[in-house]
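Chemist: from the sequence below, what's the structure:
(2 chains)
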Amino acid sequence: MVKLIQDYFSISAKNDPGKLAVDVGEDALSEKEKEVFNKSFGWIDNFSNQFARYLKEKSVKRGDRVAFIFKKQNLSYSIASILAILKCDAIYVPIHYKLPPKRIIKILSDSDAKFLICSSLFAKDLKKHAVLSNFPFFEIDKEKINIEKRGAGALSYANNSDDAAYIMYTSGSTGNPKGVVITHGNIINATEWAVEEFGITSEDRMSQHPPLNFDLSTFDLYCAFKSGASLHPVPEDASIFPGELVRFIENNKLTIWNSVPSVMVQMAVAGLVKPDRMPTLKKIFFNGEGFPTKFLAEWMKIYPDKEFVNMYGPTETTVQCTFYRVHEPPKDLTRLVPIGKACHNVEVFDVDGELYVGGLGVGRGYWNDPQRTSELFINYPGRGRVYKTGDLVRLLPDGNYEFIGRRDNQVKIHGNRIELGDIESAINSLPYIREAGVIAVTASEIEDKKVIAFVSVNEDKKPESLKSDLKKLLPLYMIPQQIEIRDSLPKTGNGKIDRVKLKNEYGREN
Amino acid sequence: MNMEEKIKKFLEKETQKTIVDNKANLLELGILDSFTMIRLLNFLEQDLKISVKMEELSPQNFSSINNMIKTIESWK
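Modeler: Model prediction:
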C-alpha cells in the first residue's frame, strides 16, 4: 500500500506512461484543443515533478497551502497542480472558477495560501480587486516554459500518511466558508477500499463530473490514479442538458459514472433512459443527496445489468463512509434507498438518532478553527475519535442505515451543502435589510429544491437589485432563486422567524 | 407578444433577473440553471404548446434567447 496519494499516480505512470489519464473526448473539440487537454499519465507525472521543483524554488515548503483554479476541461492542469503541490509536501486548496471574488478572497486568506495557480486570463480578472492586486498568482500559461526547464525525475518526500493533503471549503453557518482538512491516510483508506470493492481497473473509463472543490471528486480522481483508469471531464455547461450528458457517456464509452443524483433524474425526465442507450456503462455511483426513488426505480428497471451504488458521507469523513448496493428496483417509492453500512475501516453508529462516524476516514478537523473542530470531532468513550455528522438516521432491522434529515437547517441542492443560516447572514449584512428568513422548498414534480428568501426592507428595493448585491457575497448556487419582499415576517412564540409558516405560505412543503 | 418575448418574459419572471441582451449566454450569467431549465421546458410544452426535442438541446443551441428561438423554429 502506498504512503502518499501522489504515489498512486506515479505507479500508474510507470506501468503505462503513454495511457491517457485525462481524455476530453472526440466530439466538439478541435485537434488543437485535444492536444492541450488530453494528457497521458507519463506526461502529467513528469510535468508535475518539474512543477514541484519549480514551486520549491519559489519557497513552497512542507505544510504550506497552495490554491488552484481551473475550468473543468483543464482537468490535466488541475491534476498536474494537485500532484505538484503534494510533491512539495504542501496542501492543496481547490477553488471553483465561478465563485464570486469575495468568496475566493476569503478562502485564500483563511487558508493563508502561498500561491494561486491559474491561467493568466483568470489572474487578470482577479487582480482588478484591490485586495488581490498584490497576491502571488502563479500563471501557468506564462510559467510553463520555466517549469519545463526543471528536472523531471522523481522527488523524495518528507510527508507521512497522517499529514494533510487537501483543504476543501464548504458553506459555514457563520457566513464564512469553513475548510475541512483531509490527510493522505484518509484518502488512501477510501481509495483502497473503493477500487477493491467495485473492481475498478485500468480498462475502466470514468466520468469526472463533480467540481474539484466538491469532495465527490476525490472518488473519481484517486480511484483513477490507483487503478490507471482514464478520467473524462464532463463539460460544466452540459450538466443541465440531459441529451448532451447521454451523448457524452456514449461518445466517451464511459464504464463508470459518479455524480449527484439530480443529474441522473434529469436524464430520466428527458426520456433518455432507454434500453439501447449508454450501453458501455457498467457501474453507477450516486452521492451527495438522496436519489428520488421513483427515478432510481426507473433507471434500474431499464438497466437490470448495471450496478447501482448509493454512497453517503460528509466531506469531514472523506467522500464516503457508508454505501448501499441497490440490488433491485426499490418498490416503496415513498422512501429513499438506505445509505447502507460502513465502508472498510470505518465505524458508524447513532446517538439519539444522529449519525456518528469513526475510523480511518475521519479527517483532521477544520482549518484554523479549533473551537468548531472540538465541538464536532469528539472522543467518544470506547470508539475513539468520531465526527458528529448532524444527519439524522434510522437503523433498519437488516443493519443498514436510512437517512431521515438534517438536525440543523442545512439543505443540499445538487449536492452542494448549503446552510440556510449562511444565506440569511449574507442577506442581513446588506444595509437596507430589516429582517430575513430563508427556506428551501421542493418543486413537487421533479423533486428539485429551490431556495426562497423572505425579507423586509427599509428602503424601496426590488428583488433583482437584492440579488445582484448578494452575488458579491455568495456563490451562485447559494443565491435564492426567489426573493419575496414583505412588510414584515411571521414570528413564532419566542420571536424567531416562523419558517414553517413561510413554507405553508409558499404552498408547498419541503 | 411573439415567442421570443414570451420566453424572455418567462425567464425574467422566473429568475427575477433582467435579460439585457438576446445574444447573452444565460448559462454564464447564472440565469439558466437546472431548476430554471426544467421550469422553462414545462412552460414551452404546456403554455406555448411546443413539443420539445429534449435530446437535441445543448449549450451550443440553447444558451441564449436567440439560439433558443432558432432551435425551436427548426423543429417546426
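Chemist: which helices and strands sit right next to the lowest-mean-pLDDT helix or strand in chain B?
Modeler: Taking mean pLDDT, DSSP states H and E as the measure, the helix or strand of chain B with the lowest value is helix B:34-42, at a mean of 81. In terms of contact count using 3 or more CB pairs under 8 Å, 6 or more residues apart in numbering or on different chains; DSSP states H and E, helix B:34-42 is assigned the packing partners helix A:261-269, strand A:433-443, strand A:448-457, helix B:3-15. For the C-beta atoms, the positions are set from N, CA and C on the backbone; glycine is no exception.
Chemist: now do that helix: distance to the chain's middle.
Modeler: In terms of CA atoms, centre = their mean, to the nearest Å, the centre of helix B:34-42 is found 9 Å from the chain centre.
Chemist: check which residues of the helix or strand following it are buried.
Modeler: As assigned by DSSP states H and E, the chain's next helix or strand after helix B:34-42 is helix B:65-75. Of the residues in helix B:65-75, those with enough neighbours to count as buried (16 or more other CB atoms under 10 Å in any protein chain shown) are B:65, B:67, B:68, B:69, B:71, B:72.
Chemist: and if you look at stretch A:10-25?
Modeler: Taking 16+ other CB under 10 Å as the neighbour-count basis, stretch A:10-25 is seen to contain the buried residues A:10, A:12, A:13, A:19, A:20, A:21, A:22, A:23, A:24, A:25.
Chemist: if we can go back for a sec, and the angle for the least confident helix or strand of chain B with strand A:433-443?
Modeler: Here helix B:34-42 runs at an angle of 60 degrees relative to strand A:433-443 (axes from the mean of the first three to the mean of the last three CA atoms, to 10 degrees).
Chemist: the closest residue to residue A:399 other than its chain neighbours: neighbour count?
Modeler: Counting by CB to CB, 6 or more residues apart in numbering or on different chains, the nearest residue to residue A:399 once its immediate chain neighbours are dropped is residue A:341, at 6.1 Å. By other CB atoms under 10 Å in any protein chain shown, the residues close to residue A:341 number 15.
Chemist: confirm residue A:341 sits in a strand?
Modeler: Yes: with DSSP: H, G, I helix; E, B strand; the rest coil as the criterion, residue A:341 is located in a strand.
Chemist: and it, what are its bridge partners?
Modeler: Beta bridges link residue A:341 to residue A:323, judged by DSSP bridges.
Chemist: that one is in contact with residue A:323, isn't it?
Modeler: Yes: in this structure residue A:341 lies within contact range of residue A:323 using CB atoms under 8 Å: 7.4 Å.
Chemist: all helices for the stretch 51-200 of chain A, in order.
Modeler: For the stretch 51-200 of chain A, the helices defined by DSSP state H, counting those that start in this stretch occupy A:75-87, A:101-111, A:120-126, A:140-147, A:184-197.
Chemist: tell me the angle the longest one makes with helix A:75-87.
Modeler: For the pair helix A:184-197 and helix A:75-87, the angle between their directions (the same axes, to 10 degrees) equals 130 degrees.
Chemist: rewinding a little: of the buried residues of stretch A:10-25, closest to residue A:37?
Modeler: residue A:24 (4.5 Å; CB to CB).
Chemist: surely that closest one is in contact with residue A:35?
Modeler: No: at 10.6 Å, residue A:24 and residue A:35 do not qualify as touching, with contact defined as CB under 8 Å.
Chemist: number of residues surrounding residue A:476?
Modeler: The burial count assigned to residue A:476 is 15, neighbours taken as other CB under 10 Å.
Chemist: list phi and psi for it.
Modeler: phi -50, psi -40 (degrees, to the nearest 10).
Chemist: which one of the helices of the stretch 51-200 of chain A lies closest to residue A:271?
Modeler: helix A:75-87 (30.1 Å).
Chemist: for that closest one, output the C-alpha coordinates as CSV.
Modeler: The C-alpha trace of helix A:75-87 is given here as CSV (Å, rounded to 0.1, in the frame of the first residue of the first chain):
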residue,chain,number,x,y,z
LEU,A,75,-8.5,18.8,-15.8
SER,A,76,-5.0,17.7,-16.8
TYR,A,77,-3.6,21.0,-15.4
SER,A,78,-5.7,20.7,-12.3
ILE,A,79,-4.3,17.2,-11.7
ALA,A,80,-0.7,18.4,-12.5
SER,A,81,-1.2,21.2,-9.9
ILE,A,82,-2.5,18.8,-7.3
LEU,A,83,0.4,16.4,-7.8
ALA,A,84,3.0,19.2,-7.9
ILE,A,85,1.6,20.7,-4.6
LEU,A,86,1.6,17.2,-3.0
LYS,A,87,5.1,16.5,-4.3
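Chemist: in that helix, what's buried?
Modeler: Along helix A:75-87, the positions that meet the burial threshold by neighbour count (16+ other CB under 10 Å) are A:75-87.
Chemist: over to stretch A:356-375?
Modeler: Burial within stretch A:356-375, assessed by neighbour count using 16+ other CB under 10 Å, is assigned to A:356-367, A:369, A:373.
Chemist: repeat that for stretch A:127-134.
Modeler: Taking 16+ other CB under 10 Å as the basis for neighbour counts, the residues of stretch A:127-134 that come out buried are residue A:132.
Chemist: that stretch - what's its average pLDDT?
Modeler: The average pLDDT for stretch A:127-134 rounds to 89.
Chemist: just the terminal-to-terminal distance for that stretch.
Modeler: Between the opening and closing residues of stretch A:127-134 lies a distance of 8 Å (CA to CA, to the nearest Å).
Chemist: roughly how far is that stretch from the heart of the chain?
Modeler: Shown here is stretch A:127-134, whose average C-alpha point lies 27 Å from the average C-alpha point of the whole chain (CA atoms, centre = their mean).
Chemist: please apply the same query to stretch A:375-387.
Modeler: With CA atoms, centre = their mean as the basis, stretch A:375-387 stands 25 Å off its chain's centre.
Chemist: buried sites along it?
Modeler: Of the residues in stretch A:375-387, those buried under the neighbour-count criterion (16+ other CB under 10 Å) are A:376, A:377, A:386, A:387.
Chemist: what about the second one, distance to chain B?
Modeler: It stands for residue A:377. According to CB to the nearest CB, to the nearest Å, residue A:377 and chain B sit 34 Å apart.
Chemist: just grab the bridge partners of that residue for me.
Modeler: Under DSSP bridges, the beta-bridge partners of residue A:377 are residue A:387.
Chemist: continuing past whatever helix or strand residue A:221 lives in, what's the next helix or strand?
Modeler: Following DSSP H and E, one finds residue A:221 within helix A:216-227. Proceeding N to C from helix A:216-227, the next assigned helix or strand is strand A:230-233, under DSSP H and E.
Chemist: and the residue nearest the centre of chain A, helix, strand or coil?
Modeler: Note on chain A: the residue nearest the mean C-alpha position is residue A:214, at 1.3 Å, using CA atoms, centre = their mean. State at residue A:214, reduced to three classes by three-state DSSP: coil.
Chemist: doesn't residue A:415 make contact with it?
Modeler: Yes: the pair residue A:214 and residue A:415 passes the contact test of CB under 8 Å, sitting 6.6 Å apart.
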